[in-house]
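>>> just the structure for this:
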Amino acid sequence: MALRAGGAAGRPAPLLLLLLLLPLLPLPASLAAGAANGGSAEAAEAPGWRAEPGLNATVSTEVEFGVCTVTCGIGIREVLLTSGCPGTEAKCIVRVEECRGPVDCGWGTPISEGLACAKMPCIYIPPENRFKYVWKMLILNKTAHILPNDSAIMEVCRDTHSVTFQCETQENGNIIASVKYTVYAKTEMQTKKSRRTETGQSRTTTDAILVFCLATGIIVTVGVIFAMIFMILHWAAIKAIWKSKSRQDNQDKKLVNKRSLCNME
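Coordinates of the predicted model:
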């Protein structure tokens with residue numbers, strides 16, 4: 001009986017040893033990851049959980065796009081924030097971005113034009129070396145002739161006949177803008193200059209005539225107004241003068257009639 005009692009008392013020893021050694025045993029990877037992320041994982045999987053807004057939260061904002069600086073080709077525009085601006089500002093600029101319009105910009109105007117030469121620009125935005133520029137000479141009913149010039153601005157001297165040029169602005173092999181220019185011949189340019197001079201002279205003459213007529217009309221109008229004011233202020237005297245003059249006229253008529261009657265007798 002004593003041996004049995006001792007054996008019964010010694011049976012829990014292995015179980016107790018296992019409980020003591022359990023914290024020292026390595027856990028499986030999945031269980032370790034679950035234990036490490038237990039709080040956050042449970043919170044993420046819990047229904048109805050929502051992240052509080054903070055530094056990493058995605059805030060929905062309202063933006064408004066400004067007017068593009070160009071109607072064709074490539075330009076820039078402002079991006080405005082309509083909510084969340086600092087202070088009392090209703091709108092604030094967030095950034096400036098590119099904007100594009102139709103590729104064909106039609107006919108352009110040279111940046112400088114003289115009797116001998118003309119300078120023509122391509123369409124671009126800074127930095128200038130970001131784009132590739134292809135200059136062409138357009139010939140009627142023929143294939144366009146590509147020029148060796150690849151700069152954003154080209155200077156051309158006038159010839160005996162007018163020439164049409166075209167500049168294509170390219171980016172990554174795609175045409176983003178195209179503009180044409182006509183460089184007139186020397187004779188045509190001189191004719192245009194003489195026409196402009198004649199037009200300017202005729203406009204000057206017309207303006208002088210209009211100014212003279214306007215000044216004359218103002219003077220006449222002011223004179224009439226002053227005459228009317230004078231007549232209103234001195235109406236009684238004028239009326240008396242008219243009456244006396246009419247009486248004298250009647251007396252003169254009577255005398256003339258009497259003299260004519262005497263002569264007849």
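
>>> please count neighbours and contacts with C-alpha atoms only from this point.
OK.

>>> Ser151: what secondary structure?
Here Ser151 is coil, with the state taken from DSSP: H, G, I helix; E, B strand; the rest coil.

>>> so what's the residue count around it?
Ser151 has 16 neighbouring residues, counting by other CA atoms under 10 Å.

>>> what's the answer for Met120, then?
That count, for Met120 with other CA under 10 Å as the rule, works out to 23.

>>> beta-bridge partners for it, please?
Met154 (DSSP bridges).

>>> that one: what's it in contact with?
Listed by CA atoms under 8 Å, 6 or more residues apart in numbering, the contact partners of Met120 are 109-112, 153-155, 181.

>>> rerun that using 10 Å as the cut-off
108-113, 152-156, 165-167, 179-183 (CA atoms under 10 Å, 6 or more residues apart in numbering).

>>> what does Ile241 give?
235, 247.

>>> hang on, it in a helix?
Yes: judged by three-state DSSP, Ile241 forms part of a helix.

>>> let's verify Phe212: helix, strand, or coil?
Secondary structure state of Phe212, per three-state DSSP, is helix.

>>> give me the buried entries from the contacts of Met120.
For those, a burial check counting by 16 or more other CA atoms under 10 Å picks out 108, 110, 113, 152-153, 165-167, 179-183.

>>> the stretch 51-200 of the chain: helices as residue ranges?
Secondary structure of the stretch 51-200 of the chain, counting by DSSP state H, counting those that start in this stretch: helices at 186-233.

>>> wait, Ile93 touches Pro86, no?
No: with contact defined as CA atoms under 10 Å, Ile93 does not count as touching Pro86 (11.0 Å).

>>> the more surrounded of those two?
Using other CA under 10 Å as the criterion, Ile93 and Pro86 rank with Ile93 on top: 15 against 9.

>>> who's that one bridged to?
Leu80.

>>> can you tell me which residues contact it?
Applying CA under 10 Å, 6+ apart, the residues contacting Ile93 are 63-66, 78-82, 85.

>>> state the distance from it to Cys68.
Counting by CA to CA, to the nearest Å, the gap from Ile93 to Cys68 is 14 Å.

>>> and Tyr133, by the same measure?
From Tyr133 over to Cys68 the distance is 22 Å, taken as CA to CA.

>>> residues touching the residue nearest to Arg77 when sequence neighbours are not counted, list them.
Leaving aside its chain neighbours, Arg77 sits nearest to Cys68 (4.7 Å; criterion: CA to CA, 6 or more residues apart in numbering). Applying CA under 10 Å, 6+ apart to Cys68 gives the contacts 74-78, 97-101.

>>> for the stretch 1-150 of the chain, what spans make up the strands?
Secondary structure of the stretch 1-150 of the chain (DSSP state E, counting those that start in this stretch): strands at 63-65, 74-81, 92-100, 104-107, 112-113, 117-121, 132-138, 145-146.

>>> right, and those - which one's nearest Thr221?
Set against Thr221 and scored by CA to CA, the strands of the stretch 1-150 of the chain come closest in strand 112-113, at 48.3 Å.

>>> identify the residues contacting the closest one?
By CA under 10 Å, 6+ apart, the residues outside strand 112-113 that reach it are 118-121, 155-157, 183, 189.

>>> wait, which of those is closest to Asn174?
Nearest member of these to Asn174, counting by CA to CA, is Pro121, at 18.9 Å.

>>> now the closest one: closest residue in space that isn't a chain neighbour?
What sits nearest to Pro121 in space, not counting adjacent residues and going by CA to CA, 6+ apart, is Ile153, at 4.4 Å.

>>> quick one: Thr164 and Met120, what's the gap?
11 Å.

>>> what of Glu168?
Here Glu168 is placed at a distance of 12 Å from Met120 (CA to CA).

>>> contacting residues around Trp242?
The neighbours of Trp242, taking CA under 10 Å, 6+ apart as the test, are 236, 248.

>>> how far away is it from Thr164?
In terms of CA to CA, Trp242 sits 81 Å off from Thr164.
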